[in-house]
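Asks: starting from these lines, generate the structure:
(4 chains, ligands or ions: 2)
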Amino acid sequence: MSYDNELYQQVILDHNRKPRNFHEMENSTSSCHGINPLCGDDITIYLKLDEAERVIQDISFTGSGCAISKASTSLMTQYLKGKKIDESRLIFDEFHKMVLGDFDPEKEEHHLGKLTLFMGIREYPSRTKCASLAWHTMVGALDKKSEGVSTE
Amino acid sequence: MSYDNELYQQVILDHNRKPRNFHEMENSTSSCHGINPLCGDDITIYLKLDEAERVIQDISFTGSGCAISKASTSLMTQYLKGKKIDESRLIFDEFHKMVLGDFDPEKEEHHLGKLTLFMGIREYPSRTKCASLAWHTMVGALDKKSEGVSTE
Amino acid sequence: MSDTNTISIDNPILDVDKIRSDFPLLSKEIGGKPLIYLDNGATTHKPKQVIERVRKFDSDEYGTVRRGSYRLCEHSTQLYEEARQKVADFLGAPTRQEIVFTSGTTQSINLVAHSFGRKFVNSGDEVIISNIEHHANTVPWQVLCDEKGATLKVIPVADNGELVMEEYDKLLTNKTRIVAVNHVSNALGTINPVNEITRKAHAVGAKVLIDGAQSTPHMKVDVQGINCDFYTFSGHKMYAPSGIGGMFGKMEVMETMSPYVTGGDMIMQVTLEKTTYAKPPARFEAGTPPISQVIGLGAAIDYLNAIGMDKIFEYEKSLLDYGTRLLNDIDGLRIIGNAKEKAAILSIYLEAAHPHDIITMLDQDGIALRGGHHCAQPTMIRFGVPATARASMAFYNKFSEIDALADSLRKIIKFFS
Amino acid sequence: MSDTNTISIDNPILDVDKIRSDFPLLSKEIGGKPLIYLDNGATTHKPKQVIERVRKFDSDEYGTVRRGSYRLCEHSTQLYEEARQKVADFLGAPTRQEIVFTSGTTQSINLVAHSFGRKFVNSGDEVIISNIEHHANTVPWQVLCDEKGATLKVIPVADNGELVMEEYDKLLTNKTRIVAVNHVSNALGTINPVNEITRKAHAVGAKVLIDGAQSTPHMKVDVQGINCDFYTFSGHKMYAPSGIGGMFGKMEVMETMSPYVTGGDMIMQVTLEKTTYAKPPARFEAGTPPISQVIGLGAAIDYLNAIGMDKIFEYEKSLLDYGTRLLNDIDGLRIIGNAKEKAAILSIYLEAAHPHDIITMLDQDGIALRGGHHCAQPTMIRFGVPATARASMAFYNKFSEIDALADSLRKIIKFFS
Ligand SMILES: Cc1ncc(COP(=O)(O)O)c(C=O)c1O
Ligand SMILES: Cc1ncc(COP(=O)(O)O)c(C=O)c1O
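Replies: Ligands and ions are numbered 1, 2, ... in the order given. Predicted structure coming up:
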């Protein structure tokens, strides 16, 4: 399997233009505010958790940011909707390591699906935070961090 | 007339070993404490002023310091005893300018007498304060500066 | 569009090619493309005259300053004080003793907020800043006002990026202790009317700090003309080494101030019971200073003087006018900040793309711009944008580099639309 | 006397001639005589590896750090963080994030006195320093205690220059908030028992700052072994450029501390109403840091590691032993400070001549020593001398230079007697 190393692929441009699950959630069970101080990315993730089943029933987001952060958040919400909480944490871990260059989905088993298209970001260290902000914030919402998270 | 450019001349060594007027003064009319923070020179000048005649009746000093500062103070007290206050200020001015290299007693009229032997100090900028501390402190005593003076 | 370009070729204000040959970094390539460096507001490159002066000093002349009386040390102390005189002359300060060396503008402003502010700003007093300040000229005053129970007031900014002076008039009261504004805004390029700001502040008895981080590299400064009480600057933004900066402070004001950083060299005498403080500037220069960097700063000032600050300002102004015209022609591009008096800064906002994406794309073309809030978040909030891409020019930039920027921006807009 | 000298020639710990060829300044002449530089306690010279690294960085790689996302800036940010890792490794710190860059020891101690001290030291609390501290580790605590109504207590020093540890035990109480002592005294050379000092302070719940200005250049340091909460240092005393220094701070302690200098990069978010602070080390690194000097510091650490800190310590110790024996043979000469554990510092007092005169006379022979109170007035007062002449050695000094010092001192004594 081969991955495109280009950062701004069509999928990313598309999710940037038309972000999915891009709205506030009235009946969320938790939410978290995340910022990337360096470039001013600023998002809020809303979760509706089924605590009994330990499943992410619904997920959405609002905020503003660069194409990478918006597309990453949009794709994350698509990908995690309906996933188990534990699995979501595992995926976070793999994603985070992938963008830092510490995990290579070309060589190792993974649960990232099409999220591997963010692999190219390894080449742009200062942009990894743009891709991972969504994920940190999602985990913050899982952990019910009221003070928010920052990638700084 | 010609001056020796050497810093440590015999006169200076002699006044360093046996400083003149080196004692506290019981009945002084004013005194001043002067310090040179860089090397720790620390002297007190005592004056007995005849305010009516505007004359320095008596002058003495105590303290510790380098050979230059001790000899300079000792020679100053010898030279100023009995001098008019106004003349003493004038001499201070000439002396101060001389050690800074701004006044050349070889070329200009002056009232410095044998004090010109400190002329060589122009060559050692960091030592000028050692030679001028006594003078600043003497003027401090004339001005009744209770907070003392510092060459810094 | 090639109009201004032609003018600059036929009748050059500066010999930019010759100047560029002094700056080794400007001939660098980034990913195979020639570097086009337009982030001079963040930091500037150093001419070889500065780099070599520091190298020579460290190799042949280095010694500590102020503390020793052997000749090596006397020599470096003399060079150090000569550099202080150069700074004084460069800023139009009356005396060398009114120049304090610090590690940069941030440290200088903190010094004033601490040593002046904590002493003279009390509960109920007021401090005035503007809406277009760098964080370095915002946070220290917030902290001070918080601590003292004083009020922080903010001069608003009009849509064109100019301060609203009528509002400033209303903010001033007899409780105003200090007014702190920048000479040139790093986010918008606005040149503020610092003479008027100072005069009016003095009329109510307030002191004035002018943050000159963005003015000292680009225009002639005259602190006596402005009549401000403090004027701060950073060496690394004015072609000098990193790690050095400073400020002008009026002696009569500095003499009333408590020390900031304490330690060696800022004291007259230390016993275990009590410490007496030295006179300014020594009072504010505790510890071993950035010696080699001060020498480098002196060399940078020599370099700037040799070109001439008036010429630098005139040339950069022509770059700004050219760039403004060029970019205003691009659809979907907005320049934030259009003050009449403006330094060569273009804060760019594209409808189509986020500044961070713009920066990464420009970088692919070898063009270095800064994207973000430029440490001026309140300004970004005021203009309703999360961030901008900022082109900040220097006298070593060429008109053709502005052309390249415009071309690249057009490409980006197309790509993201 | 030529004994030790012979040993060093036959069985050299270091190849000093080769090392000296790395330091351009050491081949300088002063008034026609070869420079004998023995003021390393004040500041050290820089090997060409450091000078060249900075020159290359400024010429080919310079960019701002942390603020930009174009490649030039990413590259310098990476070098900057690599240097932070080098410092962490050099000091034995667990993580890079526990290293804060400052302009030097003075700034580092002020940071702790402000950000830890003003938050955690209150009225009635106690701070402990020693009688052999540099002003940089005295004045900030005096100021703090004055401001807070806290008490400053002082560990006394015995006649041989060692701290009186039984007295220290008595000074510690449950009101002690911080103990701040140097690892090596710059005035006497005493190596203090910092592990024991730290252990005992922790036992009463106090934090510990160790001032490492004089230890980092001369011996292997292990902050985890010491277990101190803060450890400060100056680059210019460890063969790095001027204008850079820093400290180790335990993350768990630093996280509880307020910012010191405020401005850009130390904040998470600034609005006109409120500011949230970044995590350490960023919280304590407001503004543009001394970028090139950090890179130079990294190069200096590489240089020291290549020689080996243990070897450096061993060689300097042999210089110290040699010099001590040589000088003790001179009539009318007193060495102040004879601790069993001692770094290569000889604080010299002559009955015949004042230190300032000694320095001027030595300088005529090309020998650079510092005369004065060494920013340690309380220490001078304790030993009843106004000042001393201090020979402070480095691994680039030769035994023959100590011979020259001894000869020159003998001449001076004769001259002044
Ligand atoms: C023990 C000690 N502490 C602190 C300092 C102050 O260091 P700096 O002047 O580099 O801030 C020095 C050096 O002068 C020192 O020797
Ligand atoms: C207007 C203004 N003020 C202050 C600063 C802070 O300067 P420094 O980071 O050199 O301390 C900057 C630069 O970042 C600036 O542009």
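Asks: could you list the low-pLDDT ranges of the stretch 151-300 of chain C?
Replies: Residues of the stretch 151-300 of chain C meeting the criterion pLDDT under 70: C:268-275.
Asks: that one: strands as residue ranges?
Replies: Under the criterion DSSP state E, counting those that start in this stretch, the stretch 151-300 of chain C carries strands at the ranges C:151-155, C:176-182, C:207-211, C:230-234, C:245-249, C:267-270, C:275-277.
Asks: the first one close to chain D?
Replies: Yes: with C-beta under 8 Å from any C-beta of the partner chain as the measure, strand C:151-155 is seen reaching chain D through C:Leu152, C:Val154. (Glycine included, C-beta is placed from N, CA and C.)
Asks: in that strand, what counts as buried?
Replies: When burial is assessed from 16 or more other C-beta atoms under 10 Å in any protein chain shown, strand C:151-155 yields the following buried residues: C:Leu152, C:Lys153, C:Val154, C:Ile155.
Asks: re earlier: quick one: which of the strands of the stretch 151-300 of chain C is nearest C:Lys46?
Replies: C:Lys46 sits nearest to strand C:230-234 of all the strands of the stretch 151-300 of chain C, at 13.3 Å, using C-beta to C-beta.
Asks: residues in contact with that closest one?
Replies: If you take C-beta atoms under 8 Å, 6 or more residues apart in numbering or on different chains as the criterion, strand C:230-234 is touched by C:91, C:104-106, C:108-109, C:112, C:116, C:183, C:207-213, C:216, C:221, C:223, C:245-250, C:253, D:288.
Asks: domains in chain C, by residue range?
Replies: As assigned by automatic domain parsing, chain C contains the domains C:4-48+C:308-412, C:51-305.
Asks: point out the most buried one among those.
Replies: domain C:51-305 (a mean of 22; mean count of other C-beta atoms under 10 Å in any protein chain shown).
Asks: distance from the chain centre to it, please.
Replies: 11 Å (C-alpha atoms, centre = their mean, to the nearest Å).
Asks: can you pull out the strands in chain A?
Replies: For chain A, the strands defined by DSSP state E cover A:30-36, A:41-50, A:55-64, A:149-150.
Asks: just the pLDDT at residue 56, thanks.
Replies: Picked chain A for this. Per-residue pLDDT puts A:Ile56 at 96.
Asks: try chain C instead
Replies: For C:Lys56, the model assigns a pLDDT of 98.
Asks: same check on C:Asp3?
Replies: Note on C:Asp3: pLDDT of 43.
Asks: where's the residue of chain A positioned farthest from its centre relative to B:Gly40, distance?
Replies: Here the centre of chain A is the reference, and by C-alpha atoms, centre = their mean the most remote residue is A:Ala52, at 23.8 Å. Spatial separation of A:Ala52 from B:Gly40 under the definition C-beta to C-beta, to the nearest Å is 79 Å.
Asks: right, and the strands of the stretch 151-300 of chain C - which one's nearest D:Ile345?
Replies: strand C:267-270 (19.8 Å).
Asks: how much space between the nearest residue to C:Val221 once chain neighbours are set aside and chain D?
Replies: For C:Val221, ignoring the flanking residues on the chain, the nearest one in space by C-beta to C-beta, 6 or more residues apart in numbering or on different chains is C:Leu91 at 5.3 Å. Distance, C:Leu91 to chain D, using C-beta to the nearest C-beta, to the nearest Å: 20 Å.
Asks: likewise A:Lys18?
Replies: From A:Lys18 to chain D the distance is 25 Å (C-beta to the nearest C-beta).
Asks: then C:Tyr168?
Replies: In terms of C-beta to the nearest C-beta, C:Tyr168 sits 16 Å off from chain D.
Asks: ok, now which ones touch that residue?
Replies: C:Tyr168 neighbours (C-beta under 8 Å, 6+ apart): C:Ile128, C:Ile155, C:Ile197, C:Lys200.
Asks: repeat that for 7 Å
Replies: For C:Tyr168, the contacting residues are C:Ile155, C:Ile197, by C-beta atoms under 7 Å, 6 or more residues apart in numbering or on different chains.
Asks: now do the contacts for C:Ile367.
Replies: C:Ile36, C:Leu38, C:Ala404, C:Leu405, C:Ser408.
Asks: can you check A:Asn16 too?
Replies: Neighbours of A:Asn16 in contact, by C-beta under 7 Å, 6+ apart: A:Ala67, A:Lys70, A:Ala71.
Asks: surely the last one is in contact with A:Gln10?
Replies: Pointing back at A:Ala71 there. No: A:Ala71 is beyond contact range of A:Gln10, at 10.5 Å (criterion: C-beta atoms under 7 Å).
Asks: settle it for me: which of those two has more neighbours?
Replies: Using other C-beta atoms under 10 Å in any protein chain shown as the criterion, A:Ala71 and A:Gln10 rank with A:Ala71 on top: 27 against 10.
Asks: what about that one, distance to B:His111?
Replies: A:Ala71 is 87 Å from B:His111, where distance means C-beta to C-beta.
Asks: C:Thr198 too?
Replies: In terms of C-beta to C-beta, C:Thr198 sits 47 Å off from B:His111.
Asks: just the helices in chain A please.
Replies: Applying DSSP state H to chain A gives helices spanning A:10-17, A:67-80, A:85-100, A:128-142.
Asks: secondary structure class for C:Ala42?
Replies: Following DSSP: H, G, I helix; E, B strand; the rest coil, we place C:Ala42 in the coil state.
Asks: quick check: it touching D:Thr64?
Replies: Yes: the pair C:Ala42 and D:Thr64 passes the contact test of C-beta under 7 Å, sitting 4.5 Å apart.
Asks: in a helix, C:Val127, correct?
Replies: No: applying three-state DSSP, one finds C:Val127 to be strand, outside a helix.
Asks: pLDDT score for whichever residue of chain A sits closest to chain C?
Replies: Chain C sits closest to A:Cys66 of chain A, with a gap of 3.8 Å, by C-beta to the nearest C-beta. Per-residue pLDDT puts A:Cys66 at 88.
Asks: got the contact list for it?
Replies: A:Cys39, A:Asp41, A:Cys130, C:His354, C:His356, C:Asp357.
Asks: which of those residues sit farthest apart?
Replies: Counting by C-beta to C-beta, the most remote pair of the contacts of A:Cys66 is A:Asp41 and C:Asp357, 11.0 Å apart.
Asks: re earlier: from the contacts of C:Ile367, pick the one nearest C:Met238.
Replies: C:Leu38 (16.8 Å).
Asks: return the distance of that closest one relative to ligand 1.
Replies: According to C-beta to the nearest ligand atom, to the nearest Å, C:Leu38 and ligand 1 sit 36 Å apart.
Asks: ok, and the closest non-adjacent residue to that residue?
Replies: Closest residue to C:Leu38 apart from its sequence neighbours, by C-beta to C-beta, 6+ apart: C:Ala391 at 4.3 Å.
Asks: what bridges to the one you found?
Replies: Following DSSP bridges, C:Ala391 is listed with bridge partners C:Leu346.
Asks: for it, list the residues it contacts.
Replies: Residues in contact with C:Ala391 (C-beta under 7 Å, 6+ apart) are C:Leu38, C:Gly323, C:Leu346, C:Ile348, C:Leu369, C:Leu405.
Asks: repeat that with 10 Å
Replies: C:36, C:38-41, C:189, C:319-320, C:323, C:327, C:335, C:344-348, C:362, C:367-370, C:397, C:401-402, C:405-406, C:409 (C-beta atoms under 10 Å, 6 or more residues apart in numbering or on different chains).
Asks: and those, which of them are in helices?
Replies: In helices, defined here by DSSP H, the members of those are C:Leu319, C:Leu320, C:Gly323, C:Leu327, C:Leu362, C:Glu401, C:Ile402, C:Leu405, C:Ala406, C:Leu409.
Asks: which of these come close to chain A?
Replies: Here nothing survives when those are matched to chain A using C-beta under 10 Å from any C-beta of the partner chain.
Asks: picking that back up, which one of the strands of the stretch 151-300 of chain C lies closest to A:Pro125?
Replies: Using C-beta to C-beta, those put strand C:230-234 closest to A:Pro125, at 25.9 Å.
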